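Here's a sequence, model it:
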Amino acid sequence: MDNVKKILNIVRDGMTAKLSNHVSEALSDANMAIANEPASGRSRDLSLMAERDAILQRFVIGIESKFDELTESTSKEINVLDYGSLSLVEEADLEAIIAMEGMISHARNCDISEYLSFTTRLDTMLHGTRIDESNNPMDPEQIGETFKEALRPLGMTATELLVTYRKFNQSVFHKLEDVLTEANGILIDNNILPDLDMAARSRSELQNKRSARPQKIDPTDRAFTAESSVVESGSGSDQQI
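Below is the predicted model of the structure:
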């Protein structure tokens, strides 16, 4: 476990450094964009540049804690909501929330190869711990939620949040594949499934060879394919039968 924790700490430190640089860029871009928004959608005294160091500190602490939780035996503290204190979500706030959820989903799907490789390597390291979206520190949802919590003390308006989330998406999520590639590289350097990606490529090559054989037509494809093209694809007598 000591060696596992040592490797995880290397990954943690590398990822927080790289992610915080991208977050800093997002905050700088968001600050400029917010300044161009109508005054009605802006806080009177908000300056993301003045708050940048504090935001980055909260973000780094949040990401580090997610890595540390992987090797801690103590269970996470459960937050009990006081439903009496909850208020209805404003429509503008809901727009920002939905936007972030969409960004998270898109980022997870776009970087699926590097993401799955990292998850598999992490899962291999941590025997008895299943790694999934709920506890993977590099999952877009974990990164996005950490950023949201880092912004929370600022009391930003819905417009400011939406603008900042969009800049975060451009500066962080759009570059997440490179971050995950580096994370995988650190694990490979530490001999954690170094041949995993090679094996995946081998399977891909094998699949390409198989694709050269006559293929059956998927029922869904057949439903939206012209009848003539179906007949052409099955030129052999056995396929016509």
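
pretty sure Val179 contacts Leu19?
Yes: Val179 is within contact range of Leu19, at 6.3 Å (criterion: C-beta atoms under 8 Å). Every residue, glycine included, has its C-beta placed from N, CA and C.

thought Ser47 was touching Asn31?
Yes: between Ser47 and Asn31 a contact is recorded at 6.8 Å, counting by C-beta under 8 Å.

which one of the two has more residues nearby?
Asn31 (20 against 12; other C-beta atoms under 10 Å).

Distance check, the spatially most central residue of the chain against Glu133.
Central residue of the chain (C-alpha atoms, centre = their mean): Pro140, 2.0 Å from the mean position. Applying C-beta to C-beta, to the nearest Å, the value for Pro140 to Glu133 is 9 Å.

Show me the common contact partners of those two, please.
Common neighbours of Pro140 and Glu133, counting by C-beta atoms under 8 Å, 6 or more residues apart in numbering, are Arg108.

buried set for the longest helix along the chain?
Across the chain, the helix with the greatest residue count (assigned by DSSP state H) is helix 2-35. Neighbour-count burial for helix 2-35, counted by 16 or more other C-beta atoms under 10 Å, picks out 4-5, 7-8, 11-12, 15-16, 18-20, 22-27, 29-31, 34.

Check which helices and strands it sits against.
helix 48-69, helix 112-125, helix 158-171, helix 176-189 (3 or more C-beta pairs under 8 Å, 6 or more residues apart in numbering; DSSP states H and E).

Can you pull out the low-pLDDT segments for the protein?
Filtered on pLDDT under 70, the chain yields the residue ranges 1, 73-92, 198-241.

The closest residue to Leu187 other than its chain neighbours and Glu133, how far apart?
Of all residues not flanking Leu187 in the chain, Arg121 sits nearest, at 4.6 Å (C-beta to C-beta, 6 or more residues apart in numbering). Note on Arg121: its distance to Glu133, by C-beta to C-beta, is 16 Å.

of these two, who's got more company?
Neighbour tally, Arg121 and Glu133, criterion other C-beta under 10 Å: the higher count belongs to Arg121, 24 against 13.

residue contacts, that one?
Arg121 sits in contact with Asn184, Leu187, Ile192, Leu193, Leu196, where contact means C-beta under 8 Å, 6+ apart.

Kindly indicate which of the residues you listed lies nearest Ser65.
Leu187 (20.1 Å; C-beta to C-beta).

tally of neighbours for the closest one?
Using other C-beta under 10 Å, Leu187 is surrounded by 23 other residues.

Can you tell me the closest non-neighbouring residue to Val60?
Nearest residue to Val60 in three dimensions, chain neighbours excluded: Thr16, at 4.8 Å (C-beta to C-beta, 6+ apart).

Please look at that neighbour and Gly62 and confirm they touch.
No: using C-beta under 8 Å, Thr16 is not in contact with Gly62, being 9.4 Å away.
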